[in-house]
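In: only geometry, no sequence info:
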C-alpha cells in the first residue's frame, strides 16, 4: 500500500501523511507534530520486522543495544489508522527540506542517523555496524542506518537537498561528512582524513586550522547531500552558547541561552 503524503512549506518543511485503516508508519522521537484522533500512538522498543541476530527477548535486546551504541533513542513511535483513514504530520528537528524515497525491494538506502523522519511499517531498519568504525572516524554522530524492504521512507535535511550520482563525475565524489544525508546502498562509502598534523601544517594548526573528514562515495547510485554542514553548525552553536555565558558573567543577567 502506497503511503499518501503531502510536503508543506519551503525553507522549513513538514509532511502530512494520510493513513488508510490499518496502515502504520513509525518515526523517531521528536518528529511527530499532530494527528487526527483515530490515529493511535504506540511506543515500541523494537522495530518490528528489522533484522536481528536472534528471536524473542534476545533479538530485541540486541536490536536495542545496537541503537544505544549508535547514540539513537531507545524506542520508536508507531502510528496506525483505526476504523478509516486518518492524518499524521511530522517535521525535522532543523529547518530544511524533506524527501520521500520509495523502496521497491531491489535496493536500499543508507542514511545518516539523524535524518530519519518516518517510514512505512513495511520498511526495515538496521544500524549499519559494518561501517561503524568508519562512521566514528567520519566525525561525531556519523553513524549510518540501513533501510531495506518496500514502502515509503521520509527523510529530513538541514537546508536544501543536493542530488548527485558519482557515476557522472568519474565514478567518485568526496563530501564533508557533515553534509551527507543519504545514499543508495549501490554506492560504496569510506572516510578519509585530510589535513592531519605534520611539520608543514603545525603552524596552520596553531593559527586555528584543522583537518577535514571527507566521505568518499563511489559507484552508480543517488547521493543526497544537504546545504548545511552539521559539524560547522554544531561548532557555531557552541561558540554562541559560550558567548552567551560570557555575556551573563559580565552583566549578571542570563544570556539568550541562559
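Out: That came through, no problem. Just so you know, these numbers come straight off a predicted model, no measurement behind them. Numbering: from 1, shown residues only.
In: residues in contact with residue 101?
Out: Shown in contact with residue 101 (CB atoms under 8 Å, 6 or more residues apart in numbering): 109, 147, 152, 153, 154, 155, 182. Every C-beta, even on glycine, is put in place using the N, C-alpha and C of the backbone.
In: cool, and residue 171?
Out: 218, 219, 220.
In: Name only those of the residues you listed that count as buried.
Out: 218, 219 (16 or more other CB atoms under 10 Å).
In: Looking at the contacts of residue 171, which are in strands?
Out: In strands, defined here by DSSP state E, the members of these are 218, 219.
In: Dump the contacts of residue 171 to JSON lines, plus distance to residue 8.
Out: Shown next, in JSON lines, are the contacts of residue 171 (distance: CB to CB, whole Å):
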{"residue": "218", "distance to residue 8": "36"}
{"residue": "219", "distance to residue 8": "34"}
{"residue": "220", "distance to residue 8": "33"}
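In: which residues in the stretch 101-250 of the chain form strands?
Out: Taking DSSP state E, counting those that start in this stretch to define them, one finds strands in the stretch 101-250 of the chain at 109-112, 116-120, 123-127, 144-156, 161-164, 172-176, 180-184, 187-194, 212-219, 223-226.
In: In terms of mean pLDDT, which of those ranks lowest?
Out: Lowest mean pLDDT within those: strand 187-194, a mean of 84.
In: Taking strand 172-176 as reference, get the angle to that one.
Out: Interaxial angle, strand 187-194 versus strand 172-176 (axes from the mean of the first three to the mean of the last three CA atoms, to 10 degrees): 60 degrees.
In: how about strand 187-194: buried residues?
Out: Within strand 187-194, the residues that qualify as buried by neighbour count (16+ other CB under 10 Å) are 187, 189, 191.
In: Let me have those in JSON lines, extended by distance to residue 236.
Out: Supplementary listing: these in JSON lines, determined by distance: CB to CB, whole Å:
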{"residue": "187", "distance to residue 236": "29"}
{"residue": "189", "distance to residue 236": "26"}
{"residue": "191", "distance to residue 236": "23"}
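In: quick revisit: ok, which of the strands of the stretch 101-250 of the chain comes nearest residue 232?
Out: Smallest distance to residue 232 across the strands of the stretch 101-250 of the chain (CB to CB): 8.2 Å, for strand 172-176.
In: hmm, who's touching the closest one?
Out: Strand 172-176 has contacts (CB under 8 Å, 6+ apart) with 164, 166, 192, 212-218, 223, 225, 229, 231.
In: Now list the buried members of the residues you listed.
Out: Buried members of the contacts of strand 172-176, counted by 16+ other CB under 10 Å: 164, 166, 213, 214, 215, 217, 218, 223, 225, 229, 231.
In: Pick out whichever of the buried residues of strand 187-194 sits closest to residue 30.
Out: The closest of the buried residues of strand 187-194 to residue 30 turns out to be residue 189 (CB to CB; 26.3 Å).
In: Quick check: the farthest pair among the contacts of residue 101?
Out: 152 and 182 (13.9 Å).
In: Those two: which is more packed in?
Out: Using other CB atoms under 10 Å, the more surrounded residue of residue 152 and residue 182 is residue 182, with 25 against 21.
In: which residues touch that one?
Out: Applying CB under 8 Å, 6+ apart to residue 182 gives the contacts 101, 109, 110, 111, 112, 115, 155, 223, 224.
In: same check, this time on residue 157
Out: By CB under 8 Å, 6+ apart, the neighbours of residue 157 are 92, 96, 97, 98, 99, 115, 181, 224, 226, 227, 228.
In: If we use 7 Å, what do you get?
Out: The contact partners of residue 157, by CB atoms under 7 Å, 6 or more residues apart in numbering, come to 96, 97, 115, 181, 226.
In: Skipping adjacent residues, who's closest to residue 180 in space?
Out: Nearest residue to residue 180 in three dimensions, chain neighbours excluded: residue 215, at 5.1 Å (CB to CB, 6 or more residues apart in numbering).
In: what's the spacing between the closest residue to residue 149 other than its chain neighbours and residue 116?
Out: What sits nearest to residue 149 in space, not counting adjacent residues and going by CB to CB, 6+ apart, is residue 124, at 4.3 Å. Look at residue 124 and residue 116: by CB to CB, to the nearest Å, they are 12 Å apart.
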